[in-house]
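show me the folded form of this:
(4 chains)
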2 protein chains.
Amino acid sequence: MLISVKTEMKLDPVMEKLVLHWGEMGSRWGISRMVAQIHALLYFSPKPLPADEITEALGVARSHVSNSLKELQTWGVVKVVHVMDDRREHFQSIKDVWQLFEILLDERKRRELDPTLKTLRETQALLNDGTMTDPHTRERVKDMLAFFELMDGWYGEVRRMPLESRVKLVKWGTRLRGWLS
Amino acid sequence: MLISVKTEMKLDPVMEKLVLHWGEMGSRWGISRMVAQIHALLYFSPKPLPADEITEALGVARSHVSNSLKELQTWGVVKVVHVMDDRREHFQSIKDVWQLFEILLDERKRRELDPTLKTLRETQALLNDGTMTDPHTRERVKDMLAFFELMDGWYGEVRRMPLESRVKLVKWGTRLRGWLS
DNA sequence: CACAAAATCCAGAAAAAACAGAAATATGAA
DNA sequence: TTCATATTTCTGTTTTTTCTGGATTTTGTG
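Residues are numbered from 1 along each chain as shown, chains lettered A, B, ... in the order given. Predicted coordinates for the structure are as follows:
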């Protein structure tokens, strides 16, 4: 992995560090580098930014910024804001960390779990229709499906809880341990 | 995304469906397609397979299979087994779903969370050393760091629990809700 | 030890993803 | 409505990742 700083950004060093890091992590988070960098910029920035300034700050093509912003808006983590005496659209990120990761997790579940759950269910149906498949394979499908169903159910359950409960769940790590035994 | 079935596999249709799906999901899971396909093959297969047969089943270069197997072994999800009267190494996947996802999650935490936690700590230190950074940015760093610390702690906590407790935690979705309020 | 089979390394080809820049379109103020 | 500015779409280029095939090394067997 190459860490290239093509045009050095004229940003607060702290900001720059964060933006670069977010960008590097992007690929690991299943997000393109640019999208991740823009999000970092908007999240940590004190004020909403117009596309131009993002282009300038990151030193990339205007069009690319446009596309990336659209993606962020689709996910709902970035909103359009209007600033007095400025015709341009300004963008700002959701600031609440919990809300942010809620969106992120939902998205990941949708992309990484749901399709597999679907496939496993289809496979299970196939097996019930009596294909000649090895018993061991059948067993593995059963196990895997059960696991995914369980996780899916749990996620739904936790997801429906009020935010405060979820916060408690995480903050009460130690108490949890006692309660479970 | 192109779904190419270059050489059709001579596999049980159920197996083929699973292998192809695993492959497609691989990229979303942060795993290369080949690695994911091989893992599916070994996980669902009734018996350990030698590299040759994997090569043949998936229709890819022998060397690539070798590299992918090495990666799977590094993670610890695939082990080498020896079969009587066969000089070749045979490979088999861990079969326990919980153990499997434990490894997977640990790996993802290591790659997706830990580096950011580190960066945020460094950033925090930088801020304490008195850089001229906007108060809003400082606040966002604080929030984000607090969130990551919390999650990191929680993961450690849950991770240290005995497996049965973790299973309970997931199975008791509904009870959990009551306990938290 | 020798030799054959298996496994791996490595350089480069192929495929996929990210990105640039110009052309086209849309938007709002006068 | 017109004009200037802001935004998006589209096509081609660059970069990154995945994969191939032969060369090399390792491993087990007689």
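
per-domain residue ranges of chain A.
Using automatic domain parsing, the domain ranges for chain A come out as A:13-93, A:97-173.

would you list these in CSV and tack on distance to B:Asp114?
Every residue, glycine included, has its C-beta placed from N, CA and C. Converted to CSV, those look like this (distance: least, Cβ to Cβ, whole Å):
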stretch, distance to B:Asp114
domain A:13-93, 11
domain A:97-173, 16
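
deepest of these, which one?
Among the domains of chain A, domain A:13-93 has the highest mean neighbour count (mean count of other Cβ atoms under 10 Å in any protein chain shown), at a mean of 18.

re earlier: for B:Pro135, find the nearest of the domains of chain A.
Smallest distance to B:Pro135 across the domains of chain A (Cβ to Cβ): 7.6 Å, for domain A:13-93.

okay, A:Leu120: pLDDT?
As summarised for this prediction, A:Leu120 has a pLDDT of 98.

my bad, should have said A:Glu56
Per-residue confidence for A:Glu56 comes out at a pLDDT of 92.

quickly find the element holding it.
In the assignment (DSSP states H and E), A:Glu56 maps to helix A:51-58.

pretty sure A:Gly23 contacts A:Ala36?
Yes: with contacts counted by Cβ atoms under 8 Å, A:Gly23 reaches A:Ala36, the gap being 5.3 Å.

what residues are up against the residue nearest the centre of chain A?
Nearest to the geometric centre of chain A sits A:Leu104, at 2.9 Å (Cα atoms, centre = their mean). Under the criterion of Cβ atoms under 8 Å, 6 or more residues apart in numbering or on different chains, the contact partners of A:Leu104 comprise A:Trp29, A:Val77.

with just CA atoms, put the helix or strand containing it into CSV.
For A:Leu104, the enclosing helix or strand under DSSP H and E is helix A:97-108. Listed next in CSV are the C-alpha coordinates belonging to helix A:97-108 (Å, rounded to 0.1, in the frame of the first residue of the first chain):
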residue,chain,number,x,y,z
VAL,A,97,-20.9,9.6,16.8
TRP,A,98,-23.6,7.1,17.8
GLN,A,99,-25.9,8.1,14.9
LEU,A,100,-23.0,8.0,12.5
PHE,A,101,-22.0,4.4,13.4
GLU,A,102,-25.6,3.4,13.5
ILE,A,103,-25.8,4.3,9.8
LEU,A,104,-22.5,2.7,9.1
LEU,A,105,-23.4,-0.5,10.7
ASP,A,106,-26.8,-0.7,9.1
GLU,A,107,-25.1,-0.3,5.8
ARG,A,108,-22.5,-2.9,6.5
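
if we can go back for a sec, for DNA strand C, which of the domains of chain A is the nearest?
When these are compared by Cβ to the nearest atom of the strand, domain A:13-93 sits nearest DNA strand C, at 3.1 Å.

do the closest one and chain B meet?
Yes: contact between domain A:13-93 and chain B is present through A:13-15, A:17-18, A:21, A:25, A:28-30, A:43-46 (criterion: Cβ under 8 Å from any Cβ of the partner chain).
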